[in-house]
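Enquirer: Predicted model, plus sequence, below.
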Amino acid sequence: MMSNSIFKGTWVALVLAMNLVAPQWVQSAEVDSSAHVQSAPASSDPVLPHVAPHRGWSFKELGLTPTLSGGRLKPFDSFARETVLFETGSRKFESWEPLDLLFSWIAFPTYWETRNWIKISRDDVKRQLGLDESRMIFSPDELLKNSILAQYAEQMERKEPGSMPPGAEKNNPREQELRTVLDKISLFHGLVTGRSWLLVPKVSAEGWGNLLEHTPDAVPIQKSFIQLLKAYQSGDQTEFEGVSKQLRQQVQSAAPGFDSSTQSKMEAEHLYQQFRPFLYAWVFYLIAAIAWVFSTVLKNSNSLKASVALGYTASVIAFVSHSVGFGLRCFIAGRPPVTNMYESVIWVSLGVMVFAWILYGIQRNKTLLSVASFLACFGLVAGDAAPAILDPSINPLVPVLRSNYWLTVHVLTITLGYAAFALTFGLANVALFQIARRAAKQKILAVNQLTYRSMQFGVVFIAAGTILGGVWADYSWGRFWGWDPKEVWALITLLCYLVILHGRYTNWMGPFGFAVGSAVSFMSVVMAWYGVNFILGAGLHSYGFSTGGTPWVLGFVVAELVYVAATALVHRRATSK
């Protein structure tokens with residue numbers, strides 16, 4: 001996701017810049033673009049181009065062109081996807097491919113300035129700006145003309161870094177959304193003027209140059225870009241694809257240190273973006289979960305065998321696709337991909353399946369794979385369906401995380417604990433359902449035993465991860481323990497599960513009490529994993545802070561507590577007879 005520091009310069013300057021004539025290369029390209037312009041109507045309104053997606057065009061060469069964005073070298077396809085996600089709040093806008101949409105923005109800026117595509121989600125922000133609360137998307141033109149947003153922009157200009165008073169709210173979602181709106185308008189301006197197209201390699205520490213550079217090195221790339229833009233506007237597919245290849249070769253040859261290993265990473269990232277392995281993974285996890293559920297209820301031997309075979313096949317395909325996606329992110333980023341909520345959700349979902357396969361190898365219980373497949377599917381769907389909240393971008397590490405050794409041993413370890421507890425949670429809910437419907441005692445005890453074993457995995461990993469986190473904290477911050485919210489909730493989670501384990505071991509808890517405790521204790525994981533970063537937003541673990549999704553998570557917690565209460569009521573009535 002794009003940084004919240006894009007907005008530069010005064011609001012007045014931005015308004016003027018957005019209403020100036022198009023950049024020189026756009027003007028020169030527009031001379032030959034009659035194929036995309038409708039005949040002028042009999043009115044004084046400006047002539048707008050007929051803009052539509054370029055279906056059948058190949059954007060592969062352009063997508064593989066390297067660019068420097070977000071502090072790292074990446075294929076232009078990734079930059080386009082991140083930009084479209086940031087600007088529109090979704091992976092795609094209508095039926096536009098991200099690269100096609102970016103080129104349309106710079107080719108026909110007047111058209112896009114009046115189209116509604118900038119997403120504002122929060123009703124309080126729309127209310128503050130005097131916008132229609134029933135709408136979700138707005139045009140750059142109407143936002144630029146909004147006097148309240150202009151006042152807020154000028155206010156942000158006058159704010160000095162570090163001027164926030166002690167005790168002030170650090171992570172105000174409303175203010176963050178207002179800043180994001182300003183950043184979206186500024187980024188769109190950068191795209192249509194060429195300022196945000198960093199395609200001119202430089203050796204200096206300032207990073208790559210944009211299409212406005214006045215240097216000898218920039219001239220060949222600028223000329224190729226003008227050719228590319230002319231071909232795009234005139235609808236010449238052959239010319240566009242040929243010049244795309246030429247532009248890619250020019251940028252690669254000019255990029256310092258661009259070698260075969262860098263190209264391999266570019267191609268791997270392009271493959272990752274195009275293939276979307278986690279999408280295939282959750283689809284097959286869903287098929288596997290349904291197949292495993294049917295395998296527990298079917299009586300016909302042939303149907304049972306077919307259901308089991310489908311469950312195995314879909315589980316393996318999903319697990320392989322999941323692992324390949326995770327491996328590609330590791331290769332592309334050069335580190336374990338567990339530095340934000342999206343990456344940790346992907347990793348925890350994979351961990352759930354790993355623990356399920358281990359336990360399934362010990363105790364051949366199909367309930368394990370059905371529960372694990374459903375949980376993995378749920379995690380990947382959450383990551384896939386809410387990219388504006390769970391940012392899928394691959395970003396460089398913040399300084400405190402730039403130690404692959406500690407990143408691996410602490411973060412991977414503690415999140416594996418979350419994975420084991422997630423499996424525990426799923427199995428506990430199955431046990432509660434079986435108890436409520438008065439299933440056979442042997443079946444209940446079998447699921448209870450699986451829950452117990454999964455919980456043991458979780459306690460070992462979260463205890464080890466918490467201790468290793470203290471060692472890392474001493475290494476990075478000079479103290480082992482500081483009662484930071486993240487540390488406190490990790491400790492609370494560990495203590496919750498230790499109490500449940502001890503109660504089970506000493507027979508203080510029966511099968512029902514153990515299932516209830518196992519399910520409810522997962523709420524401490526939700527708080528440690530999500531709540532500290534997205535709700536509290538306080539402490540030294542600020543690199544993980546974000547906003548969004550709170551109503552959904554609270555809904556999940558409430559639904560779970562209602563489910564536990566309902567099963568408890570049914571169990572009490574059954575035992576009182």
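Expert: Cool, got the structure. Residues are numbered from 1 along each chain as shown.
Enquirer: What values do phi and psi take at R195?
Expert: For R195, the backbone dihedrals (degrees, to the nearest 10) come out as phi -70, psi -30.
Enquirer: List the contacts of it.
Expert: Neighbouring residues of R195 by CB atoms under 8 Å, 6 or more residues apart in numbering: 189, 210-212. In this view, the C-beta of every residue, glycine as well, is placed from N, C-alpha and C.
Enquirer: What is the most widely separated pair among those?
Expert: H189 and L211 (13.5 Å; CB to CB).
Enquirer: would you put the C-alpha positions of stretch 78-90 in CSV?
Expert: What follows is stretch 78-90, C-alpha atoms only, in CSV (Å, rounded to 0.1, in the frame of the first residue of the first chain):
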residue,chain,number,x,y,z
SER,A,78,3.4,-4.7,-8.9
PHE,A,79,3.6,-0.9,-8.8
ALA,A,80,0.4,-0.7,-10.9
ARG,A,81,-1.4,-3.2,-8.7
GLU,A,82,-0.4,-1.4,-5.5
THR,A,83,-1.4,1.9,-7.0
VAL,A,84,-4.8,0.8,-8.1
LEU,A,85,-5.4,-0.9,-4.7
PHE,A,86,-4.5,2.3,-2.9
GLU,A,87,-6.5,4.6,-5.2
THR,A,88,-9.7,2.6,-5.6
GLY,A,89,-9.6,0.4,-2.5
SER,A,90,-9.9,-2.8,-4.6
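Enquirer: tell me which residues in that stretch are buried?
Expert: 78-89 (16 or more other CB atoms under 10 Å).
Enquirer: Alpha carbons of the one helix or strand L229 maps to, as PDB, please.
Expert: L229 belongs to helix 218-234 when assigned by DSSP states H and E. This file holds the C-alpha atoms of helix 218-234, laid out as PDB (Å, rounded to 0.1, in the frame of the first residue of the first chain):
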ATOM      1  CA  ALA A 218      16.400  10.200 -19.200                       C
ATOM      2  CA  VAL A 219      16.000  11.200 -22.900                       C
ATOM      3  CA  PRO A 220      15.900   7.700 -24.500                       C
ATOM      4  CA  ILE A 221      13.400   6.400 -21.900                       C
ATOM      5  CA  GLN A 222      11.200   9.500 -22.300                       C
ATOM      6  CA  LYS A 223      11.200   9.100 -26.000                       C
ATOM      7  CA  SER A 224      10.100   5.500 -25.700                       C
ATOM      8  CA  PHE A 225       7.400   6.400 -23.300                       C
ATOM      9  CA  ILE A 226       6.000   9.000 -25.700                       C
ATOM     10  CA  GLN A 227       5.900   6.400 -28.400                       C
ATOM     11  CA  LEU A 228       4.200   4.000 -26.000                       C
ATOM     12  CA  LEU A 229       1.600   6.600 -25.000                       C
ATOM     13  CA  LYS A 230       0.900   7.400 -28.700                       C
ATOM     14  CA  ALA A 231       0.400   3.800 -29.500                       C
ATOM     15  CA  TYR A 232      -1.900   3.400 -26.500                       C
ATOM     16  CA  GLN A 233      -4.000   6.400 -27.400                       C
ATOM     17  CA  SER A 234      -4.300   5.500 -31.100                       C
END
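Enquirer: The residue lying closest to L359 once chain neighbours are set aside - how many residues pack around it?
Expert: Among residues not flanking L359 along the chain, L368 sits closest, at 5.5 Å (CB to CB, 6 or more residues apart in numbering). Using other CB atoms under 10 Å, L368 has 27 neighbouring residues.
Enquirer: Please apply the same query to the one 10 residues further on.
Expert: Counted with other CB under 10 Å, the neighbours of F378 add up to 20.
Enquirer: secondary structure class for it?
Expert: Here F378 is helix, with the state taken from DSSP: H, G, I helix; E, B strand; the rest coil.
Enquirer: Could you tell me which of the buried residues of stretch 78-90 belong to strands?
Expert: Members of these lying in strands (criterion: DSSP state E): none.
Enquirer: Which of the residues you listed fall within helices?
Expert: Applying DSSP state H to those, the entries found in helices are 78-88.
Enquirer: where along the stretch 401-550 of the chain do the helices fall?
Expert: All helices of the stretch 401-550 of the chain, identified by DSSP state H, counting those that start in this stretch, fall at 404-406, 413-436, 441-477, 485-505, 511-526, 550-576.
Enquirer: The last one to helix 413-436, inter-axis angle?
Expert: Direction vectors for helix 550-576 and helix 413-436, defined by axes from the mean of the first three to the mean of the last three CA atoms, to 10 degrees, enclose an angle of 40 degrees.
Enquirer: Surely Q246 touches S224?
Expert: Yes: counting by CB atoms under 8 Å, S224 is a contact partner of Q246 at 5.5 Å.
Enquirer: the more surrounded of those two?
Expert: A count of neighbours by other CB under 10 Å puts S224 above the other of Q246 and S224, at 20 against 16.
Enquirer: Need the nearest residue in space to the more buried one, chain neighbours excluded.
Expert: Per CB to CB, 6+ apart, closest to S224 is L247, 4.4 Å.
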